[in-house]
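1. need a structure here:
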Amino acid sequence: MTTYAYRALDPLGRLVRGRLDALNPAELEQRLQRRQLELIHARPALRWPGADRPPRRELINFCFHLEQFLQAGVPILESLDDLHDATDHPAFRATIAAVRRAVEGGDSLSRALENHPHAFDAVFCSLVRAGERAGELPTVLRAISASLKRDDELAAFTRRIAIYPAIVLAIVLLAVGVALIHVVPELAKLFQTAGQPLPLQTRALIGLSGLLRQHGAVLAGIALIGALGLRHAIATRPAVRYRRDAWLLRTPILGEVRRKLILARFTSLFALMYGAGITIVDALRVAADTLGNLPMERALALAAHRIEHGHSLSDAFGSSTLFPPLVARMLRIGETTGALDDALTNVSYFYERDVREAIARLQASIEPALTVILGLLLLAVMSAVMLPIYDIVTQLKL
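-> Residues are numbered from 1 along each chain as shown. So this is what the prediction gives:
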C-alpha cells in the first residue's frame, strides 16, 4: 500500500489535489473515478520513515476487538469494517481498509496482513496463519494481544531510563553553550586586561570558547554528517551493524539490560509460536527477524541450523555464549517434560521481572549519579573562572 499525492479534475473541471492510498497507480485511478474525479498526475507522497507504522497500542486494540468480534460470531468482513470505523490512526485505518479489500477478494486474513509488513511483522502473520489452520484464530489473537501488551510495558520501562537523563543533558549542554559563546569571551577580555598568568583549566576554557565561536557551524556540520554517515553505514553494511549491536550488548549495565530485554521478547514470542503449532525451526527463523540485534539473530540462525542437523534444542542454545545457561537449562527441562512452551513462558517471565527490577535500580541510581557528574562539571567551570578572578582581586588589594 502506497500513499499517492495526486492532481485530478472534478466534474466541473476544477483542479483537485489530495492524497490517497492505493496498491498502484491503476488502482488509484479506479478509486478516483468512483469519486467522479479524473486523474491528471500522481506520485508517491513523501513521508517520514516509519510514519505509516501504527503505534503498538493500535495493534493491541486491533487484536482485542477482532478477537471479540470473531468470538461473538461476527463475519470477518463486518469485523474489519467496524475496526476501520473505530480506528483513529489515519495510516492504520487505510491499512485496515486494504486488508478488508484483500479478504473480500478471496485472500485469507494472514495473506492480506502479509501485504503490509510495516504494520504486521512476520511473527504476527505467522501466528495468524497458524490460528487459521487450527481453527483457533480468536485464541491466537488473544495471545498476540497479551504479547503486545507485555512488549508495550517493557518499552515503557525502558523509556523511563532515557527521559530524565536526556532532559538534564539537553539543559546542561544549552547552559554550557550559552556560557562559552557569550560569558567566557567577556571574562577573557578581563583576564587579558589584568595581564595575570592564567591557570591551565582557564586557558582550556577560553580556547574551547574561541573554537566554538569561530568554527561552531563547521563542527556542527561535521557532527551531523558523521551521524548521518554512521546511520547509513549501519543500515547498508551488515558488518558495521554487527559491530554496533555487539558493542551495545557489551556496554556496562545497559548492555545486560538490553540482552535481557531481547531474551524476554524472544522467549515470549517463541513460546507463543510453538504453542500455536509452528515448528521449532520455523519459529526460530521468524523470531530472529524481530529481535533487532544482529549477533542475537545470527546466533538463532545457527541454533536453527544445528537443530535441523539433529541436535536437541537445549544443546543448540547451549553452544552459543550469547544465551545464558538458564535458557539452555529451562529448555532441557521443557524437552524432558514435554512442556516446552511452559518452560519458555517461565523463562520469559523471569527475564521480564529481571528487566523491571534492573530498570528500577537504574532509575534509583541515575539521579544521584547525574548530581555528582553535574557537580564535578560545575566545579571545573567555576574553578576555571574563579581562580583568575581571585588572583586579580588579590593583586588589587596589594
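
2. CA only for contacts and neighbour counts going forward, please
-> OK.

3. where's the closest residue to N61 other than its chain neighbours relative to F120, distance?
-> Leaving out its chain neighbours, the residue that sits closest to N61 by C-alpha to C-alpha, 6 or more residues apart in numbering is S145, at 7.9 Å. Taking C-alpha to C-alpha, to the nearest Å as the measure, S145 falls 13 Å from F120.

4. again, but for S320
-> Distance of S320 to F120, given as C-alpha to C-alpha: 30 Å.

5. swap in G135?
-> With distances taken as C-alpha to C-alpha, G135 is found 20 Å from F120.

6. who has more neighbours out of those two?
-> Between G135 and F120, counted using other C-alpha atoms under 10 Å, F120 has the larger neighbour count: 18 against 11.

7. that one and E114 touch, don't they?
-> Yes. Under the criterion of C-alpha atoms under 8 Å, F120 makes contact with E114 at 6.9 Å.

8. element containing R43?
-> strand 38-44 (DSSP states H and E).

9. pull the helix or strand just after that strand out as CSV, backbone CA atoms only.
-> On the C-terminal side of strand 38-44, the nearest following helix or strand under DSSP H and E is helix 56-71. What follows is helix 56-71 as a C-alpha-only set of coordinates in CSV (Å, rounded to 0.1, in the frame of the first residue of the first chain):
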residue,chain,number,x,y,z
ARG,A,56,1.7,-0.7,19.4
ARG,A,57,-1.5,0.4,21.2
GLU,A,58,-3.4,0.4,17.8
LEU,A,59,-2.2,-3.2,17.2
ILE,A,60,-3.3,-4.2,20.7
ASN,A,61,-6.8,-2.7,20.1
PHE,A,62,-7.0,-4.3,16.7
CYS,A,63,-6.3,-7.8,18.1
PHE,A,64,-8.6,-7.3,21.1
HIS,A,65,-11.6,-6.1,19.2
LEU,A,66,-11.1,-8.5,16.3
GLU,A,67,-10.9,-11.4,18.8
GLN,A,68,-14.1,-10.2,20.4
PHE,A,69,-15.9,-9.9,17.1
LEU,A,70,-14.9,-13.3,15.9
GLN,A,71,-15.7,-14.9,19.3
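
10. so where's this protein uncertain?
-> 1-2, 21, 23, 45-52, 395-398 (pLDDT under 70).

11. ok but R7 is inside a helix, no?
-> No. Counting by DSSP: H, G, I helix; E, B strand; the rest coil, R7 is not found in a helix; it is strand.

12. gap between the closest residue to it other than its chain neighbours and Q36?
-> Leaving aside its sequence neighbours, R7 sits nearest to R17 (C-alpha to C-alpha, 6+ apart; 4.6 Å). Taking C-alpha to C-alpha as the measure, R17 falls 14 Å from Q36.

13. next one: A288
-> Taking C-alpha to C-alpha, one finds A288 at 47 Å from Q36.

14. got it, and S79?
-> For S79, the distance to Q36 - C-alpha to C-alpha - is 29 Å.

15. okay, those two: which has more neighbours?
-> More crowded of S79 and Q36, by other C-alpha under 10 Å: S79, with 18 against 13.

16. helices or strands next to the helix or strand hosting that one in the packing?
-> Here S79 sits within helix 76-86, counting by DSSP H and E. Contacts defined by 3 or more C-alpha pairs under 8 Å, 6 or more residues apart in numbering; DSSP states H and E place helix 76-86 against helix 56-71, helix 90-104.
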